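*Asks:* Build me a model from this:
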Amino acid sequence: MASTQSGKKFKAAAALVDRNKRYSTQEAFKLLKDTVEKRATKFDQTVDVAMNLGVDPKHADQMVRGAVVLPHGLGKTVRVAVFAKGEKATEAANAGADVVGAEDLAKRIEEGFMDFDTVIATPDMMGVVGRLGRVLGPRGLMPNPKTGTVTMDVTRAISDAKGGKVEFRVEKSGIVHAPVGKASFAPEKLAENFNTLVDMVMKLKPSTAKGVYLKALTISTTMGPGIKIDTNEITARNK
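*Replies:* Presented below is the predicted three-dimensional model:
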């Protein structure tokens with residue numbers, strides 16, 4: 001019975017969306033809120049963005065990867081693990097890191113400890129962190145200088161992570177997936193987060209990428225239908 005009800009709710013939400021239309025950002029987030037009301041859930045759904053890019057990630061010079069701090073955060077508590085020693089370890093603890101360590105933390109992770117959402121490391125700790133590549137890599141948790149997670153400024157890195165920093169990386173299929181907030185956010189706040197993320201991805205267009213860079217753009221909630229956004233609006237803004 002529950003699955004039947006769930007199916008009916010999804011159909012009701014999907015019926016609001018014109019699959020052949022490309023919506024403006026403003027229209028899309030207003031519509032997204034309408035679909036959430038039709039597809040009510042017991043939890044606050046995440047709002048995700050999918051960007052189909054005209055790049056070939058198999059070529060290193062066409063890899064799109066970065067990070068951006070969203071103005072209105074993600075609406076969730078972010079748990080931060082920091083690899084640091086000495087004064088930097090103390091600084092990390094004082095800045096609000098949830099777990100701080102060095103070889104001892106690496107050993108805990110090797111034994112299965114994964115109670116964190118983001119990993120930050122000082123450069124001198126990357127020899128230790130590098131051994132965790134098989135564990136952290138597939139989960140997208142490996143610290144990287146390009147995303148600001150390998151740094152001596154651990155205070156800022158922790159502040160950014162807890163304040164709504166989103167890391168993104170283009171997948172093999174040429175698609176970037178990233179969250180921009182919660183369904184409970186006002187449409188205006190979701191749109192601002194969305195624009196901040198998308199504009200950053202646009203700025204990172206590889207010089208070797210030919211043809212159309214932003215091919216398609218869709219937003220959706222965890223349990224809701226996809227809503228296509230007019231890419232011309234985004235491209236014009238980023239010329």
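
*Asks:* element containing the residue nearest to the spatial centre of the chain?
*Replies:* The chain has residue 178 as the residue nearest its centroid, 3.4 Å off, counting by CA atoms, centre = their mean. Assigned by DSSP states H and E, residue 178 falls within strand 175-182.

*Asks:* Just checking: what are the partner strands of that strand?
*Replies:* Sheet pairing here is set by DSSP bridges, and for strand 175-182 it gives strand 46-53 (antiparallel).

*Asks:* For the strand it pairs with, what is the distance to the chain centroid?
*Replies:* How far strand 46-53 lies from its chain's middle: 9 Å, per CA atoms, centre = their mean, to the nearest Å.

*Asks:* Mind checking what helix or strand follows it in sequence?
*Replies:* Per DSSP H and E, the first helix or strand lying C-terminal to strand 46-53 is strand 65-69.

*Asks:* Name the strands paired with that next one and say parallel or antiparallel.
*Replies:* Paired strands of strand 65-69, with direction, are strand 165-169 (antiparallel) (DSSP bridges).

*Asks:* Show me the contact partners of the strand it pairs with.
*Replies:* Strand 165-169 is contacted by residues 63-70, 74, 118, 140, 147-149, 176-180, 197, 201 when judged by CB atoms under 8 Å, 6 or more residues apart in numbering. (Glycine included, C-beta is placed from N, CA and C.)

*Asks:* one more time with 7 Å
*Replies:* 65-70, 147, 176, 178-179, 197, 201 (CB atoms under 7 Å, 6 or more residues apart in numbering).

*Asks:* Report the buried residues of stretch 26-38.
*Replies:* 28-29, 31-33, 35-36, 38 (16 or more other CB atoms under 10 Å).

*Asks:* Just the ones in helices from those residues, please.
*Replies:* 28-29, 31-33, 35-36, 38 (DSSP state H).

*Asks:* any chance of those residues in JSON lines, plus pLDDT?
*Replies:* As requested, these are exported to JSON lines (pLDDT from 0 to 100):
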{"residue": "28", "pLDDT": "94"}
{"residue": "29", "pLDDT": "94"}
{"residue": "31", "pLDDT": "91"}
{"residue": "32", "pLDDT": "92"}
{"residue": "33", "pLDDT": "89"}
{"residue": "35", "pLDDT": "87"}
{"residue": "36", "pLDDT": "85"}
{"residue": "38", "pLDDT": "68"}
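
*Asks:* For residue 113, state which of those residues is nearest.
*Replies:* Comparing these against residue 113 with CB to CB places residue 36 closest, at 35.0 Å.

*Asks:* Let me see the contact set for the closest one.
*Replies:* 45, 183, 221, 224.

*Asks:* Same list (the ones in helices among the buried residues of stretch 26-38) but as CSV, adding distance to residue 188.
*Replies:* Listed next are those as CSV, based on distance: CB to CB, whole Å:
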residue, distance to residue 188
28, 12
29, 8
31, 14
32, 12
33, 11
35, 17
36, 15
38, 21
